[in-house]
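[1] sequence unavailable; structure follows:
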C-alpha cells in the first residue's frame, strides 16, 4: 500500500502539468490570432467598414423581404374567394381550414382551426374586430345541396358546448348543404346562427363579412379598430 500512494500523486501532478501546458498554448494561440487581426485592421482599415456595410445591407434586405411577404399575405387573405363548387370538392378538414381562412380574411387575426378528436363541437374559433368570440362547427357535404340535411343532433352538441365550454358570443354552424326544418326551429329557439349553402356562397364570394350576413348577432364588445 505504501508504494502505490506516490504513484497516484505523480499521476495527478502529471495531469495538472498537462492541463497547464494546454492552457498556456491556448492563450498563446488566442493572443497570436488577436495580434494578427489587429495588424490586419491597421493595414486595411476599410475592411471592417465594408463588412459592417454588407452586414447592414443583408439585415435590411431580410427585413424588406419579411415586410413584402407580410404585405403579400394581407393582400392574399383580403382577396380570398371561394366558389361553392370549390368548397364542395374539399375534404371535410380542408373545409374547416377554408372557413378559418375566410374569418381571417374578414379581420379575425386569431382565427384557428381546432376540429378533430375531442374538439367538443368546435371546428373553428375566432375573435372578430368588435371583440366577439366566434365558435363555429363545420358540416361538409360532398354532394352539396343534394346531400343529407344537417339535423338537430349536430346542433344539440354545438349548443351544449358553444357557450358553456368555448365561451362563444356567436355560435355558428356552417354547411355547404342545407338544414332540416327541425334544425332551423331548434337554432332559432337556442339563438344559434346557421350558415347554409346560400349564405356560405355569398360570404365566400367576398361580398361582406359573416357578421353582416347573419341576423341578430350580439352587439360589439369593443369598437372596431
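    That came through, no problem. It should be emphasised that the depicted structure is a prediction, and the values quoted were computed from it without experimental measurement.
[2] list the contacts for residue 93?
    The neighbours of residue 93, taking C-beta atoms under 8 Å, 6 or more residues apart in numbering as the test, are residue 115. For the C-beta atoms, the positions are set from N, CA and C on the backbone; glycine is no exception.
[3] that one sits in which helix or strand?
    helix 92-105 (DSSP states H and E).
[4] return the distance of the helix or strand following that helix from the chain's centre.
    The first helix or strand that comes after helix 92-105 along the chain, using DSSP H and E, is strand 112-113. Here the centre of mass of C-alpha atoms in strand 112-113, compared against the chain's by C-alpha atoms, centre = their mean, to the nearest Å, lies 8 Å away.
[5] helices or strands next to strand 112-113 in the packing?
    When contacts are defined as 3 or more C-beta pairs under 8 Å, 6 or more residues apart in numbering; DSSP states H and E, strand 112-113 packs onto helix 92-105, strand 124-127.
[6] how near is residue 24 to residue 30?
    With distances defined as C-beta to C-beta, to the nearest Å, the gap from residue 24 to residue 30 amounts to 11 Å.
[7] follow-up on the earlier one: nearest to residue 143, out of the helices and strands packed on strand 112-113?
    Counting by C-beta to C-beta, residue 143 lies closest to helix 92-105 out of those; the figure is 12.8 Å.
[8] counting neighbours, which bits of the closest one end up buried?
    Along helix 92-105, the positions that meet the burial threshold by neighbour count (16 or more other C-beta atoms under 10 Å) are 95-105.
[9] repeat for stretch 145-164
    With burial defined by 16+ other C-beta under 10 Å, the residues of stretch 145-164 counted as buried are 147, 149-150, 152, 154-155, 158-159, 161-163.
[10] can you list contacts of stretch 146-160?
    With C-beta under 8 Å, 6+ apart as the test, stretch 146-160 has contacts from 121-122, 135, 137, 139, 141, 171, 173, 175, 177-180, 182-183, 186-187, 190, 192.
[11] buried only: go through the residues you listed for me.
    Under a neighbour-count criterion of 16+ other C-beta under 10 Å, the subset of the contacts of stretch 146-160 counted as buried comprises 121-122, 135, 137, 139, 141, 171, 173, 175, 177-179, 183, 186-187, 192.
[12] could I get the helices and strands packed on strand 112-113 as TSV with mean pLDDT?
    Output for those, formatted as TSV (pLDDT from 0 to 100):
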stretch	mean pLDDT
helix 92-105	96
strand 124-127	97
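[13] want to try TSV for the ones you listed, with distance to residue 55 as columns?
    Conversion of the helices and strands packed on strand 112-113 to TSV gives the following (distance: least, C-beta to C-beta, whole Å):
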stretch	distance to residue 55
helix 92-105	36
strand 124-127	40
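[14] out of these, the one nearest residue 48 is which?
    Using C-beta to C-beta, the nearest of those to residue 48 is helix 92-105, at 45.7 Å.
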